[in-house]
Structures are given as C-alpha cells and as structure tokens.
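Enquirer: coords please:
(chains A and B)
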Amino acid sequence: MQLVGRPVPRKEGRDKVTGQARYVDDLHFPEMLYGATVRSPAARGRILKISFEGAHIPWDEFVVVTARDIPGENAVALILLDQPYLADQFVNHPEEPVLLLAHADKYLLEEARRNVRIEIEELPAVFTLEESLEKKEIIWGEDNTFKSYRVEKGDVDEVWKTAAHVVEGEYHTGAQEQLYIENNGIIAVAGPDDGVTVWGSMQCPYYVHKALLKLFNLPEDKVRVVQVETGGGFGGKEEYPSMIAGHAALLAWKAGRPVKIVYDRAEDMAATTKRHPSRTRHRTAVSADGQLLGMEIEFVVDGGAYATLSAVVLSRGTIHAAGPYFCPNVRIRAHAVATNAPPHGAFRGFGAPQSIFALERHFDKVAKTVGLSPEEFRRRNFIQEGQTTATNQVIREKVDLAGILDRAFELTDYHAKQKQFMESNKHSRRKKGIGFASFMHGAGFTGSGEKYLESVVGMEATAEGRVLVLAASTEIGQGTNTIFAQIAAEALGLDYDSIEVAKPDTGNVPNSGPTVASRTTMIVGKLVESAALGLKQTLTNSGLLSENYSAEDFRAACRSYIEQHGALKSFSKYTAPPGINWDDERYEGDAYGAYAWAVYVAEVTVDTVTYEARVDDFVAVQEVGRVIHPVMASGQIEGGVAQGIGYTLFENVVWRDGRMINNQMTNYIIPTAADIPPIRVFFEENPYAYGPGGAKGIGELPMDGPAPAILNAIEHATGISINHIPLMPEALMEVLGGERG
Amino acid sequence: MAEPTSKTEINCTVNGEAVRLNAHPMARLLDVLREELRLTGTKEGCGEGECGACSVLIDGVLVNSCLVPVLQAEGTEIKTIEGVASGEQLHAVQEAFIACGGAQCGICTPGMVIAAVNLLERTPEPTEADIRNGLAGNLCRCTGYMKIFEAVVRACQNQGNDNFKSEI
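Expert: Here you go, the predicted structure:
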C-alpha cells in the first residue's frame, strides 16, 4: 500500500490527546532533588562576593554548586568554547548563571534562591547592535564581532554608474521568543562510578552529549542523553538544553541524588535564547526596464553575549538575503556582533526570516521607484532553472515562481481585491490592503555542514518482523515518528503499524544529527529510506526473501535470518548528492542541496482610529517537493504562519539594560484562536530526486513569508512604508498620526 | 518557613472518584492534581492563567487550575484530561484531534481538549466565532489553530450534530 502522501494517524497521537504522554516534568525519580539557578543581576561586571542571606533558610541542607565544582571544562561545547556553564569571575549578561542550588523541597528552594546575593562591580555594557558596531565598548574578542561573511558575485562596483535607478533602504527586526508551551527541563543522575545520564526536553541529544563530555571530562560511554516527550522547540531547544542539562548534572554529581531542573515561564523567557534582532541595509541597481543589475547588502545580527550559534544563524541569513532572484552582481557583507544580553539563538528560520523581511520590503520600494507593480518587478527577476543564486549556485531543479505567484493570486483574487480596496478605503476608517512576499528556503545544513555531520540512521528488525528505526532525530511535535515510519514502511512494503521509531537515547541510537534546519524529513528521512532498503537487501541477498513478498514472508525471513546470523540491522550514512560543492573560504557554491519555493499573500485591515492592524486572510502556496503527510505538512505551514503573524504584529520583546522585562505570557503576547485569520495552505508538488519519496524540507519555510507580506499589505492599505517589526499599535499610531498632521 | 500553614483535609470528586486530599489550603489545584494524585496530564505552561495548559473542569466550569487554591475544590466535581475518555473509548473530541492533526507537540493538547469538550457541552452547535472564542484562553504554539478548529467541527459532526454549517 502507498504510504507516502497519506495522512496516517500520528504515532504518539493517542498518548497526547489522553494526557498519557510523559514530559520531563511528569517524571519523578526516587530521592529526587529540585535544582535552581542563581543568575547575574547585572549586564556586565566583576563578581565581588556571593552571600547566603535569610536567617530562616537552613543553608546546610542545600547542595550548592559554583564554577569551582566543575570536574571538566567550564564551557558549553558548541562551536566556540566561550560560554561558561557558571560565571566565574565575570558576568557578561543579565541572567547569566552564577550558582546552582538543590533541595528536596521546591518551595524552600525558591525561597533560598531569592536569598543568595551576588555583588557585582559593574562594567560599561553594550545593549544594541549599533553600539556594538560602533565599538562603544569592546565586550567580546578584539572588535565585538563573532563572525563576518562576504559574498561576492560579479562586479557590483561597476553597476552604480550606469543603472537607471539606484534604490536604498534600511530594515530592522526585533527579537522573538520561541514560547514553546513546555518550558525547558532536565532530570540528571550523575556520579563518578556510573557517569552522567540526563532525561529531558530537547531537539538535539548528541549536542547535549558532546557538551556533557567536556563539562565532566568523561569518555563517550559514560554519558547518556535521553530525549523525553518534548513540548515544542522551534529552535529554542537546540542549544539551551546543553546548559540546563549541565546544571542538573553538576548538582546531581555533587548531591549523589537525581536532580530535576524545570524552569518556570518567567525564567525560561528571561534567560534562554531568542531570535536574533537584525538590521539590513540594501542598495540596489536596476535598469530602466526593471532588470536587477546589482545588489549590495549589509546584514547585521545581534548575537548577545556569547558566540553560541550566531555564526550559523548569520550564514543562513546571509545566503537568503538576495532571495529567489537572479542578479548578476551581488555583494553581501554580514556580521554577527556581541551585546550584553543573553545569547540569541536558533529559532525557526534561523536568520532567513530577518534578511527575507528586509529584501521583500525593499523590493516593493524598488518596484515603486522603477514604476512597476511589486508583482511585475519580481516576475522580471525571478530565478530560473540554470541561473545562479548570490553564492553562484546553479539552480538545477525545475523552479516556477511565476506559476506559484499566479496560483497564489488566483486563490486570493489579488488583482480584484487590490482595486476594490483602493476604492472602499476612500470612505472607511478601516483601511484594507493586500500584499505578498516571494521567497525560498534552503533545506538541510548550510554549505559543507551535512558532509561534516556524517549523519547515520540505523534500522533493526525483530524475529516477529517488527522494524525499529534507530535515529537521534527527535519528535518535537512536527511529526518525526510518523514520517519516519511512513518512509520505512513504504520502502519495506510493510504496514505503517509494523514500524516503530526508537526513543532518542544516545546509548541506543546512532547520531543522525540535530533536529534543526528543515533537515529531518529530507536528509534523515532519506537515510531512513536507504537503511530500510539495506535491510531488505540483506534479506534478499541471503536468499530469504523474494522480489514480491507479503508481510508474513517478511516475518519468516527475519526469523530465519536472526536464527542463522543473529541481529538483523542495517545502517545508512549520509553521502552528498552528486555535484554539490561548497567553498567555505570564498563563501561560494551550492549552499543547500534543495530549496523550497513559496509565495505568501496577506490581506489586512488597519483601523486608523484604534491603530490596530489585523490579518483577515492568509494564503500560503509553496513547492516543497513531494508532500509525505498532507495533514502534518499543512500543520507545519499553518503553525509557522501563525508564528510569523506573531513576529510581525504581536510579539514585542521589551529590553531594559540587556534584560527582557516583559518575560510573562501576560505581557508578551502571542496570537490566540481569536486572532488568527483563516490560513489557507496549498502545495505544488515537484519531487526532489534526492529526498525520500521526493520530499524536501518544510519546517522553517513558513516563518519567512508572513512579516514582509503583512507589511507590504499594510503599505497597500495606508500608503505608508514601515520597515521594522514587530509593528505594534503604538508605532502605527505614530506613523499614521504623523501622516494626518 | 517550610510549613507556613498547616495542611487541611479536602474532599472532592476527581474523574468520578471520591478523593480525600490532605493539602495546604492555598496550594494550587494544579500541583495537588499533579503531585498528590499523579494526574500529570494537566500541564503547567505559564503559572499565571494565560495559556490554559492547566485547564480542568470544576463542576462543569472551565478553569485554569494554576489559579485555583485547592481549598476551593471542597465538595466539587473535578474533571481532568484523564477523565475525558471512557476507558479505551476516546471522546469524539479526542478522536477528532488525532484525525485532524489538532495535536502536534501535545503539551497544550490536554487543556485544549478539555476546553473543546466543555465548549461542545455548553454549545452543541457552535459557530466559527463560538469555537474561536471558546478556545481563546488556550494557547497553542504549534498548529496555528486551524487544525484544532477543524477537529472541533469534526467532533461536533461525529457527535451527531450535522447542522454545523460554518466554513472554517
């Protein structure tokens, strides 16, 4: 039976709707203590003194851990080793962990946490990317710069003299909180004899594994990391679990008892990562007939206090900055800079939503300057098969953005609405508008990333003919378990129900890489497919299975094989598709194995009395290769679009001296059921030769389009160009009020 | 500090069973359900009544259990997610959440299911606006709500309310 393309029931669906699914905070270990983190009250400074106050606190009952207690290296291993687990002499951001406490009574623990006083001699700090670029104070390395990239294509310096139009613009995006509904949490058991084991909410078990090895200076087999049911990640549980797992393990190591650390919402929002704020500057040269001649782009992201993942966030943002257009001459200069805020990190889209926002706003401005409609200007410049991207990657797949645009416009009645709104707006305080964005999103790790990862997937069959997928890729709501089971079942010609997906446990599954970068279906799913084919081949080669077989034949073959040879396992390791080449030095070549292509259309109403902007309708049309599970695929798009609407109009991180001060769901607002417009999702299917069943990546794509589509629609509604997000009513009041004099 | 107030006995019904609780009167109902009764299906998302992950029914009224002192449970009937299915037989709302993709990461799902069950009890034939308003106190970060709305419509139809005409 054909399984790819069918909406089979989610593997863990029943457990989730009945409340039986066990998340980390639902687990209780005998003798378990609770752990808490005492954090820096200052943005930057020297730690002078730590005192334990509160005469009513029985301090001798507490387990206390400081940097001095760390058995291995005091650094969260990721890309660089600049971020400590516990600040030792200096702090570099508010909420930086300084000291850990554990106690069996979690209420007393909280009371104790509030009574630890950290005295800091404050040093001058840097709070914005502008201050960091100006080197107001050097707070990291020699020049506050975590990473810079330079992309050069053609000769952009030559185009300005002859271009009919040169258009400049500057665009800003704010931070965004992932706001998974389950906070970060870990339980650790640790000791010198058995090593360290942690259970928790996370996207990347092997990232945590690598970090704990270094923290405890232990051999690989003495650290075990187990993912439990995870209540959302969106990138927010990519790198941070390494920190909280280390903390729980340090406490458990010293206490000799299991320790659970689960953040409350206020701590999770204030202390953990967010989307990088950004600034993008564009200078674009266009011919009289609207052909792109040259693009000069400067892209800067605020990385916060430590390097963490900023270099790779910057990379994805840089590569997506010139969009799905052909331009012969491009220069992109990109920088990730330090500020004294908690490190910004992975969040769905990973730099691309920032640079795509800038580009798609800018192109509406360019179109206006040239005297073309936003649509026509883009149509004249959409990248075609055989043309090159900004990094000189030749697009070898069929790409039809004009066709996607046509379909999106037909589905929204775009042209008729454009005219109709212009007419009705004359007589109404509620101004309606329609706008769109066209964009692409690369799937998998950037550049040589997948080659370095060398991901592995295993598969094991039992004597009963049941098949177990062995991978470290996590189910975080997006459907990993279901998709892997579909792919394996299809490749083996078995029922969906006969496939199980092993719980990600570094003691039991190979490293299939992190669950990030829209790579799980396309990259890891392909390995699942080849491991399944390998398993089948093992049985056919040993003469136990013929070409056409039933489930019963398969069972019999597995049984015979295991009797004769022992365990029946198959492993598959990543190899790059042919013709993929990337030059890290020149930042040139095939940045991604495949791209998803999309056009999103937003219809908005701006109330010129209350200054509210509302999205009334949203259409998302995309080509993501083959759709493996239509319900989950549209669920990914709808969820991403809702987060994108939040990013644009609702979600405002308010900073004071490097600290998020609205770190509550009461005053950091995400869209509710009452706020979200109908989100209508459509797929164009164009199978990708190197994806499982023809699939490409999908998870991050829907984060890229909403912000520019909505602000383009707001410009259509009001005639006013706004180039920053989030766009809160206060900001709208300012610009609309100003306009009316 | 450890024992600021003494514990008190509270009698109530949870998922149809009479229970006698011994708890601090101001303990959050959420904590008592999760820690004393080990009913961990009810989740904590924010601890301040914004997200609805801790939704339960008290005498048929939808509440955020993180805001309810357990003292208020005295003499009431409480229903949690563990009491929604009848044995192995899932409630129509639960079936529909599976079929429509209403649950992704699943952490908001228990509260969302409770809210949807309550909505259909109060309003057997909800309009689109009824559904949106009825679920507006339950935040979901994964789905964008579309599939949750579809699930409520499907549950409504599967419960025999074919009059549902609204297009979502």
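
Enquirer: Show me where chain B has its helices.
Expert: B:29-31, B:92-100, B:109-122, B:128-134, B:146-158 (DSSP state H).

Enquirer: in the stretch 151-300 of chain A, what residue is nearest chain B?
Expert: Relative to chain B, the nearest point of the stretch 151-300 of chain A is residue A:231 (2.9 Å; C-beta to the nearest C-beta). Quick note: C-beta positions are derived from backbone N, CA and C, even for glycine.

Enquirer: Which one, of the helices of chain B, ends up nearest to residue A:376?
Expert: Smallest distance to residue A:376 across those (C-beta to C-beta): 31.9 Å, for helix B:146-158.

Enquirer: Just the C-alphas of stretch A:642-650, formatted as PDB.
Expert: Output in PDB follows, covering the C-alpha atoms of stretch A:642-650 (Å, rounded to 0.1, in the frame of the first residue of the first chain):
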ATOM      1  CA  ALA A 642       0.800  31.900  13.000                       C
ATOM      2  CA  GLN A 643       4.300  32.400  14.500                       C
ATOM      3  CA  GLY A 644       5.100  34.700  11.600                       C
ATOM      4  CA  ILE A 645       2.000  36.800  12.300                       C
ATOM      5  CA  GLY A 646       3.000  36.900  15.900                       C
ATOM      6  CA  TYR A 647       6.500  38.100  14.900                       C
ATOM      7  CA  THR A 648       5.000  40.800  12.800                       C
ATOM      8  CA  LEU A 649       2.200  42.300  14.800                       C
ATOM      9  CA  PHE A 650       2.100  40.800  18.400                       C
END
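
Enquirer: What lies in contact with it?
Expert: With C-beta atoms under 8 Å, 6 or more residues apart in numbering or on different chains as the test, stretch A:642-650 has contacts from A:173, A:176, A:234, A:275, A:348, A:353, A:613-615, A:618, A:669-671, A:675-677, A:679, A:702-707, A:710-711, A:725-728, B:141, B:143-145.

Enquirer: Which of these fall in strands?
Expert: A:173, A:613, A:614, A:615, A:618, A:679, A:725 (DSSP state E).

Enquirer: Dump those residues into a markdown table; add neighbour count and pLDDT as well.
Expert: Listed next are the ones in strands among the contacts of stretch A:642-650 as a markdown table, based on neighbours: other C-beta atoms under 10 Å in any protein chain shown; pLDDT from 0 to 100:
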| residue | neighbour count | pLDDT |
| --- | --- | --- |
| A:173 | 25 | 98 |
| A:613 | 25 | 98 |
| A:614 | 16 | 98 |
| A:615 | 26 | 98 |
| A:618 | 28 | 98 |
| A:679 | 26 | 98 |
| A:725 | 27 | 98 |
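
Enquirer: From those, list the ones also adjacent to chain B.
Expert: residue A:679 (C-beta under 8 Å from any C-beta of the partner chain).

Enquirer: Now flag whichever of the ones in strands among the contacts of stretch A:642-650 is closest to chain B.
Expert: Nearest member of those to chain B, counting by C-beta to the nearest C-beta, is residue A:679, at 5.4 Å.

Enquirer: hang on, isn't that closest one packed against residue B:146?
Expert: Yes - contact criterion C-beta atoms under 8 Å: residue A:679 and residue B:146 qualify, at 5.4 Å.

Enquirer: ok so, going back, with distance to residue A:504 added, can I get the ones in strands among the contacts of stretch A:642-650 in JSON lines?
Expert: Listed next are the ones in strands among the contacts of stretch A:642-650 as JSON lines, based on distance: C-beta to C-beta, whole Å:
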{"residue": "A:173", "distance to residue A:504": "33"}
{"residue": "A:613", "distance to residue A:504": "41"}
{"residue": "A:614", "distance to residue A:504": "40"}
{"residue": "A:615", "distance to residue A:504": "36"}
{"residue": "A:618", "distance to residue A:504": "34"}
{"residue": "A:679", "distance to residue A:504": "30"}
{"residue": "A:725", "distance to residue A:504": "35"}
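
Enquirer: Tell me which two of the ones in strands among the contacts of stretch A:642-650 sit farthest apart.
Expert: A:173 and A:679 (21.4 Å).

Enquirer: could you check whether stretch A:59-75 is close to chain B?
Expert: No - shown here: stretch A:59-75 not in contact with chain B (C-beta under 8 Å from any C-beta), separated by at least 10.0 Å.

Enquirer: Check which residues of that stretch are buried.
Expert: For stretch A:59-75, a neighbour-count test (16 or more other C-beta atoms under 10 Å in any protein chain shown) marks A:62, A:63, A:64, A:65, A:66, A:67, A:69, A:70, A:71, A:73, A:74, A:75 as buried.
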